[in-house]
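Asks: Have a look; sequence and predicted model below, questions after that.
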Amino acid sequence: MKKPLQAADYALFRAEVEDAEPLRHDLAEPYREAPPPLPRPRPPESDEDDIALLSESEVETHDYLLFSRPGVQNRVLWQLQRGQLEPGLELDLHGLTVVHARAALREFLDACHERRIRCARIIHGKGYRSGGGQPVLKCKINYWLRLRDDVLAFCSATRRDGGTGAVYVMLRNPNKGKKGRAEIR
């Protein structure tokens, strides 16, 4: 139950609001749905050079390769490292030049995407016949795979699948996160 106002309180209120003007309408503003946010445009992939935030000199290539994006579960990475995820496709880059290897890698990863392959194996070799003692294709693969958004993780293969001369690559699920929107490429 409300307590009734005393005459002094009522008079004070009236004195304070005597110069107030009444509102034109007493209805609330109608509900308006906010427009959906506009997606940021992605720069197109160029065939000659990838414009990336990561330069090739920043990527160190060790004997054993290991890379994963944030959010990849440790259990899944552990299975990838032990060769427990069966590769759906395989690419052998032995004997190719850097230019041909890059084109072959791009076509291979696009084919994996079309076929919905989640795990693949890429054989780059150990680079014993490379000039300068550094494995050229291994260094390039380590860099190129980091630039691709569809590559979630990669690591050197087990001994039975090529050891440090090959990598297992875990690819993004093409069905995940694409409900109702077209992919921009």
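Replies: Right, received. Where do you want to start?
Asks: Mind checking what secondary structure residue 141 has?
Replies: helix (DSSP: H, G, I helix; E, B strand; the rest coil).
Asks: now the strands for this structure?
Replies: 66-68, 89-92, 119-123, 151-156, 166-171 (DSSP state E).
Asks: what would the ones you listed look like in JSON lines with mean neighbour count, mean pLDDT and distance to residue 81?
Replies: Placement of C-beta: from N, CA and C, glycine included. What follows is the strands of the chain, written out as JSON lines (neighbours: other CB atoms under 10 Å; pLDDT from 0 to 100; distance: least, CB to CB, whole Å):
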{"stretch": "strand 66-68", "mean neighbour count": "16", "mean pLDDT": "91", "distance to residue 81": "7"}
{"stretch": "strand 89-92", "mean neighbour count": "16", "mean pLDDT": "92", "distance to residue 81": "18"}
{"stretch": "strand 119-123", "mean neighbour count": "21", "mean pLDDT": "93", "distance to residue 81": "12"}
{"stretch": "strand 151-156", "mean neighbour count": "21", "mean pLDDT": "93", "distance to residue 81": "5"}
{"stretch": "strand 166-171", "mean neighbour count": "24", "mean pLDDT": "94", "distance to residue 81": "8"}
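Asks: Nearest to residue 25, out of those strands?
Replies: Between residue 25 and the strands of the chain, the shortest gap by CB to CB is with strand 151-156, which sits at 55.8 Å.
Asks: List the contacts of the most centrally placed residue in the chain.
Replies: Geometric centre of the chain, nearest residue: residue 149, 4.6 Å, by CA atoms, centre = their mean. Contacts for residue 149 (CB atoms under 8 Å, 6 or more residues apart in numbering) come out as residue 172.
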